[in-house]
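# I'd like to go over a predicted model; first the sequence, then the structure.
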Amino acid sequence: MKAKIVLYDDEGNVLPDSSSTAYSFDLGSQTLNEIKQAVEQFRRQALPELEADLLNTAQEQQTHELKKQDRLPSTAKNGPGSITGNTLGEIG
């Protein structure tokens, strides 16, 4: 038996870094103990890869958001009524 895990975002789109690895299960004679062992082996093998995929996706989203913020005009970044160093110098 084989399993393949595909990660989707909230809109149902496949995440680009989603693992496309097919994992094989050796279920033996399919006793409950053998199935538990196969599932545990799968977890040890697949979860680190899935965690890496999720972290990469989150990092890419964060980088995209930061780049988008850097493109905003300076008044939009600071917001209306923000006090800057120059404003304080003019008051005194």
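Everything's here; your move.
# mind checking how far the strand or helix carrying residue 66 is from the chain centre?
Assignment of secondary structure by DSSP states H and E places residue 66 within helix 32-70. Taking C-alpha atoms, centre = their mean, to the nearest Å, one finds the center of helix 32-70 at 7 Å from the center of the full chain.
# on contacts alone, who are the packing partners of that helix?
strand 22-24 (3 or more C-beta pairs under 8 Å, 6 or more residues apart in numbering; DSSP states H and E). C-betas here are computed from N, CA, C, even on glycine.
# May I see the buried residues of the strand it packs on?
By 16 or more other C-beta atoms under 10 Å, the buried positions in strand 22-24 come out as residue 23.
# Return the distance of it from the chain's centre.
A distance of 22 Å separates the C-alpha centroid of strand 22-24 from that of its chain, computed with C-alpha atoms, centre = their mean.
# contact partners of that strand?
Strand 22-24 is touched from outside by 1, 2, 3, 4, 5, 42, 45, 46, with contacts defined as C-beta atoms under 8 Å, 6 or more residues apart in numbering.
# and if you look at stretch 1-10?
Applying C-beta under 8 Å, 6+ apart, the contact partners of stretch 1-10 are 14-15, 18-25, 27, 42, 46, 50, 53-54, 57.
# Residue 10 and residue 61: what is the separation?
In this structure, residue 10 and residue 61 are separated by 12 Å, where distance is defined by C-beta to C-beta, to the nearest Å.
# neighbour-wise, which of those two wins?
residue 61 (11 against 5; other C-beta atoms under 10 Å).
# Report how many residues lie close to residue 56.
For residue 56, the neighbour count with other C-beta under 10 Å is 13.
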